[in-house]
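Q: fold the following for me, if possible:
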Amino acid sequence: MHLDFSHYANELELIVDNSRAIVPCMSFNLYLDGTDRDGVLNFYERTRQALSGHLSHYLTDSMARRAKVNLRSENLLPNLVKKLSANKIHYIAFSGSPHMEGISDAGIEFSIVGWPPPTDQILAQRCSNWRILHQRGGDLFLPMTKLRVTLPLNHPFSQAPDSLLEWVSEFSLVKDGNFLFGSCGLGVNYDEYTGSSIIRPLMMQKLVDIYTTYQGTEWNLPTELERRLLRWSPEEDDIIPQIPRVSWLTMLGPEYQKFLRKKGVFIENQLNNPRVKQYCVGAASILRAGNEPRYGEIFDEDSVSDYRYAAEVLIPLQMPDIHPVTNRKYSYPGSWEYFLSHL
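A: Numbering: from 1, shown residues only. Have a look, this model is predicted:
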């Protein structure tokens, strides 16, 4: 099978002053509650292998600009995982281009919290704390470990959906169920933290246009949304999991599956559409919306029908408010508040 994505290159790419601000790609994301060290190392090793020859530069949270990969950069992530600093978020990214050329379609991104996955005791204490903080009017959120890899659209995995599903399923975090939520599908790559006063507003507006026109586009969740994958529910008197939207592959960890069962939703009993399938991989449940990933043009209803059907099955997990920050006073064209309020 050969999938032709060439016509999306001009539609989804944004170049400002000869620098790529947005580029189409295949995207795979995992979000973890805490950091599973072995799982993060496995993600690093398998994604580096898949992108061998595509990555030329790296960036850490202590660097202003990307530098060329070298022997030291090869060991940065493994060394970091061995000695994580508690109560700190660590950032490392690998790219296929230097800063002056902007973003590349091939990349790996690690945003890692410095604490381990919570024990049952910690989860109970968190629930008690959030109950009290909610009663006091607190704004409740939890930083997540985020692992993301983007593949060029001509990569062998991007061209072979079955192989992509198999590759994603073989990550140890997926098989062991040591993650909260994951997604995989056609997306775009961009720099969430760009500080350019010229690039940022143009990038935000283009992203709004992409996500509203091509409704199957995989999300690289803004930090404002990824840290709200867990929400306090007064009705449930509990912390509940939620998703912002479905993708071609929507990946549910044990906590999400447990919540669905509590709501009486058994995915295998809900699937009446032969094009939407569930795959049970170890402790994970993967919902596949259609035979192949799609960007989903808004004027072509059939192009996103499988995604919409999958979303209906997962209604209990949908965020009640996709843009929880839009009530803040300051929403300017270059802000994520502006972006979220226009979706």
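Q: so which residues of this protein form helices?
A: Remark: helices assigned in the chain by DSSP state H are 8-12, 37-50, 71-74, 76-82, 120-135, 156-159, 161-169, 172-176, 199-213, 223-226, 254-262, 267-270, 305-313, 336-341.
Q: residue 146 is nearest to which of these?
A: helix 223-226 (5.9 Å; C-beta to C-beta). Backbone N, C-alpha and C define where each C-beta goes, glycine included.
Q: and that closest one, what does it pack onto?
A: On a contact count with 3 or more C-beta pairs under 8 Å, 6 or more residues apart in numbering; DSSP states H and E, helix 223-226 meets helix 336-341.
Q: circling back to that earlier point, dump the helices of the chain to a markdown table, plus distance to residue 243 and mean pLDDT.
A: Output for the helices of the chain, formatted as a markdown table (distance: least, C-beta to C-beta, whole Å; pLDDT from 0 to 100):
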| stretch | distance to residue 243 | mean pLDDT |
| --- | --- | --- |
| helix 8-12 | 23 | 84 |
| helix 37-50 | 20 | 97 |
| helix 71-74 | 33 | 90 |
| helix 76-82 | 27 | 93 |
| helix 120-135 | 19 | 96 |
| helix 156-159 | 23 | 95 |
| helix 161-169 | 17 | 97 |
| helix 172-176 | 16 | 97 |
| helix 199-213 | 15 | 89 |
| helix 223-226 | 10 | 84 |
| helix 254-262 | 8 | 95 |
| helix 267-270 | 13 | 84 |
| helix 305-313 | 9 | 92 |
| helix 336-341 | 15 | 57 |
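Q: so which of those helices gets nearest residue 62?
A: Among the helices of the chain, the nearest to residue 62 by C-beta to C-beta is helix 76-82 (10.7 Å).
Q: CA atoms of that closest one as CSV?
A: Below are the C-alpha coordinates for helix 76-82, written out as CSV (Å, rounded to 0.1, in the frame of the first residue of the first chain):
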residue,chain,number,x,y,z
LEU,A,76,21.7,12.6,27.7
LEU,A,77,18.3,10.9,28.0
PRO,A,78,19.6,7.6,29.5
ASN,A,79,21.7,9.6,32.1
LEU,A,80,18.8,11.9,32.9
VAL,A,81,16.4,9.0,33.6
LYS,A,82,18.9,7.4,36.0
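Q: what angle sits between the longest strand seen in the chain and helix 161-169?
A: Counting by DSSP state E, the longest strand found in the chain is strand 19-32. Here the directions of strand 19-32 and helix 161-169 differ by 60 degrees (axes from the mean of the first three to the mean of the last three C-alpha atoms, to 10 degrees).
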